[in-house]
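In: what follows is a predicted protein model with its sequence.
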Amino acid sequence: MHPTPRDYPEARGGCQCGAVRFTISAGPGATGICHCRMCQRATGNAFAPLYQVPDDRVTWQGQAAEWASSNISCRGFCQACGTPLYMRTDDTYEFMAGCLHPDFPFVPQDQGGIEARLEWLDALPTLPAHTTREKWLAVVVSNQAEED
């Protein structure tokens, strides 16, 4: 990611099962979306929305497992539930925005890896939309940990 850092409030987040939680102290950070093929495969999704912060601002509860996805970075995930949590370089974490508490003011500042951007993303604003409640919440019982 290459957006200009700006100040953000404290952030909290973690995995689905609650085994790994983190707190990021308030301060400069950068937000962006990466469409590169490596991020697509690491997240199992069309792109990775990422919040980048220096590693010295992160406090952990629980421990993420890591896999070296390249010669310059590792991907962190919960070993218990499999939630992708971050990409880490030597002194920086890039957290997956979906792992952050919903009240965090994540607004992407830029997009990278656009050579691999999936064309069908352009159609999203034209598709019919519905809430989760309308379609699934009447029958689904979540096993996810409560959000902090």
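Out: Structure's in. What do you need?
In: okay, CA-based contacts and neighbour counts for the rest of this
Out: Noted.
In: residues in contact with the residue positioned nearest the centre of the chain?
Out: Residue closest to the average C-alpha location in the chain (CA atoms, centre = their mean): residue 96, at 0.9 Å. If you count contacts by CA atoms under 8 Å, 6 or more residues apart in numbering, residue 96 has them with 48-51, 84-86.
In: would you reformat those as a markdown table and include pLDDT and secondary structure?
Out: What follows is these, written out as a markdown table (pLDDT from 0 to 100; DSSP: H, G, I helix; E, B strand; the rest coil):
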| residue | pLDDT | secondary structure |
| --- | --- | --- |
| 48 | 97 | strand |
| 49 | 98 | strand |
| 50 | 97 | strand |
| 51 | 98 | strand |
| 84 | 97 | strand |
| 85 | 98 | strand |
| 86 | 98 | strand |
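In: follow-up on the earlier one: who does the residue nearest to the centre of the chain bridge with?
Out: Counting by DSSP bridges, residue 96 is bridged to residue 50.
In: any idea how far it is from residue 31?
Out: 10 Å (CA to CA, to the nearest Å).
In: quick check: neighbours shared by the two?
Out: Shared contacts of residue 96 and residue 31, defined by CA under 8 Å, 6+ apart, are found at 49-51.
In: so which of those wins on neighbours?
Out: Comparing the shared contacts of residue 96 and residue 31 on neighbour count, residue 50 comes out first with 25 neighbours (neighbours: other CA atoms under 10 Å).
In: picking that back up, okay if I get the shared contacts of residue 96 and residue 31 as a markdown table plus distance to residue 63?
Out: Below are those laid out as a markdown table (distance: CA to CA, whole Å):
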| residue | distance to residue 63 |
| --- | --- |
| 49 | 22 |
| 50 | 20 |
| 51 | 19 |
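In: ok, so of the residues you listed, who is nearest residue 5?
Out: Using CA to CA, residue 51 comes nearest to residue 5 of the shared contacts of residue 96 and residue 31, at 10.2 Å.
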